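[1] model the following, please.
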Amino acid sequence: MAIGKRLKKVREGIDREKLYPLADAIKMIKERATSKFDETIEIAINLGVDPRHADQMVRGVVNLPNGTGRTLRVGVFARGAKAEEAKAAGADVVGAEDLVEKVQGGNIDFDRCIATPDMMPLVGRLGKVLGPRGMMPNPKIGTVTMDVTSAVKGAKGGSVEFRVEKAGIVQAGVGKASFSEEKLVQNVKALADAVSKAKPAGAKGTYIQRVAVSSTMGPGVKVEPGTLLG
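    Below you'll find the model as predicted:
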């Protein structure tokens, strides 16, 4: 298939087989993010795990030091005082049975979902709806909690959930092309550190195997894994 002129141009100067230090890779990606909109900078990390085995699942949440540049709509399943707390913290959608009913009807007006523990018997009914979207509340990543204020503010302020996919890859947005190189590097390192700390007991051999960064409309640049941490 013929490569479009624009893609051909932005690929110029990138050795697709070379591994670049993280700071250099970010610089190259930023220089080539020339679309009319503020492109998202993304990272893909290939891990030495097989997610089909329960003891090799990798998932977690990390607060990026410089945020994501994206405004998330946050939904909270809570009642009474906790519902009021969620609203005060800036949640966009708050409810109990009424919200469960809306979601069951296909009306999902949020990007991130938080629930208080007492709501989980109700929210559990939504597994088939929220599960495939990766939005099911989970205590392991802090989205089932009594501290709804921290959870909502974290989601609004730049927390990113990550989860390894079937092929052993973690993918996440780490900021916008308008961010400075320094801020993007800090965000990538924060994510890489969280992924590293989430290394499962069942993982054998090299854990972080291959890494690439890209922008929404740009090419991928391979990164030296050793430059991600520290």
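[2] and the spatially closest residue to residue 55 that is not a sequence neighbour, what helix or strand is that in?
    Using C-beta to C-beta, 6 or more residues apart in numbering and skipping residues adjacent in sequence, the residue nearest residue 55 is residue 202, 3.4 Å away. Using the backbone N, CA and C atoms, a C-beta is placed for each residue, glycine as well. Using DSSP states H and E, residue 202 is not contained in any helix or strand.
[3] tell me how many other residues crowd residue 202.
    The burial metric for residue 202, expressed as a neighbour count using other C-beta atoms under 10 Å, is 12.
[4] now residue 85
    Other residues lying near residue 85 total 19 when counted by other C-beta under 10 Å.
[5] what's the first helix or strand after the strand or helix carrying it?
    Of the helices and strands defined by DSSP H and E, residue 85 is found in helix 80-89. Reading on from helix 80-89 to the C-terminus, the next helix or strand found by DSSP H and E is strand 93-95.
[6] that following strand pairs with which strands, parallel or anti?
    Sheet neighbours of strand 93-95, with direction, are listed as strand 74-77 (parallel) (DSSP bridges).
[7] other residues contacting the strand it pairs with?
    Outside strand 74-77, the residues within contact range by C-beta atoms under 8 Å, 6 or more residues apart in numbering are 83, 86, 90-96, 99-100, 108-116, 119, 122-123, 137, 148, 151-152, 155-156.
[8] hmm, 7 Å instead?
    Under the criterion C-beta atoms under 7 Å, 6 or more residues apart in numbering, residues 86, 91-96, 99, 110, 112-116, 119, 122-123, 148, 152, 155-156 lie in contact with strand 74-77.
[9] now which of those residues would you call buried?
    Using 16 or more other C-beta atoms under 10 Å as the burial test, these include 86, 91-96, 99, 110, 112-116, 119, 123, 148, 152, 155-156 as buried.
[10] got a list of what the residue nearest to residue 55 touches?
    Counting by C-beta under 7 Å, 6+ apart, residue 202 makes contact with 53, 55-56.
[11] could you pull up phi and psi at residue 151?
    Dihedral angles of residue 151 (phi, psi; degrees, to the nearest 10) stand at phi -60, psi -40.
[12] quick check: beta-bridge partners of the nearest residue to it once chain neighbours are set aside?
    Leaving aside its sequence neighbours, residue 151 sits nearest to residue 114 (C-beta to C-beta, 6+ apart; 4.7 Å). Note on residue 114: beta-bridge partners by DSSP bridges are residue 76.
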